[in-house]
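1. A structural model of the following input is requested.
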Amino acid sequence: MRKIDLSTIDRTMLEEANKNHPKAHVRNRCKAILMSDQGFKVKEIARCFSVRTRTIYDWMNKWKSKGYLGLIILPGRGKKPTLDLKNKETVNHIKKDSIL
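-> Here you go, the predicted model:
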């Protein structure tokens with residue numbers, strides 16, 4: 001069993017983020033860390049958020065290594081665009097084809 005022990009300052013910050021952060025994934029991760037501090041087991045936390053236990057361990061590892069910033073999904077993830085919008089000629093050609 002793995003458990004996160006939070007300081008009073010960290011607990012307060014996570015509680016505030018859990019209530020007020022605009023992104024749901026950040027609120028969920030904050031709540032998961034808070035639940036660990038409260039003594040919930042990893043399996044229970046995973047069941048609560050409908051994720052694998054490995055995901056909870058990843059969130060915990062990110063919290064330990066990077067703190068609050070580790071709980072945020074940073075820009076640059078995901079599939080990169082296949083169309084370069086700077087290439088005006090290609091963009092205009094696609095626009096013309098899509099109108100027809």
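2. quick one: pLDDT of residue 98?
-> On the pLDDT scale, residue 98 is placed at 68.
3. scratch that, residue 85
-> Note on residue 85: pLDDT of 68.
4. got it, and residue 25?
-> 94.
5. so which helix or strand takes in it?
-> For residue 25, the element it lies in under DSSP states H and E is helix 24-37.
6. Repeat that for residue 56.
-> Secondary structure assignment for residue 56, by DSSP H and E: helix 53-66.
7. and that helix, what other elements does it pack with?
-> Of the remaining helices and strands, those touching helix 53-66 by 3 or more CB pairs under 8 Å, 6 or more residues apart in numbering; DSSP states H and E are helix 24-37, helix 42-49. To be clear about C-beta, it is placed using only N, CA and C from the backbone, and glycine gets the same treatment.
8. Just give me how far the last one sits from the chain centre.
-> Put plainly, it is helix 42-49. Relative to its parent chain, helix 42-49 has a centroid offset of 16 Å by CA atoms, centre = their mean, to the nearest Å.
9. hmm, who's touching it?
-> The contact list for helix 42-49, computed with CB atoms under 8 Å, 6 or more residues apart in numbering, reads 1-2, 28, 31-32, 35-36, 40, 52-53, 55-57.
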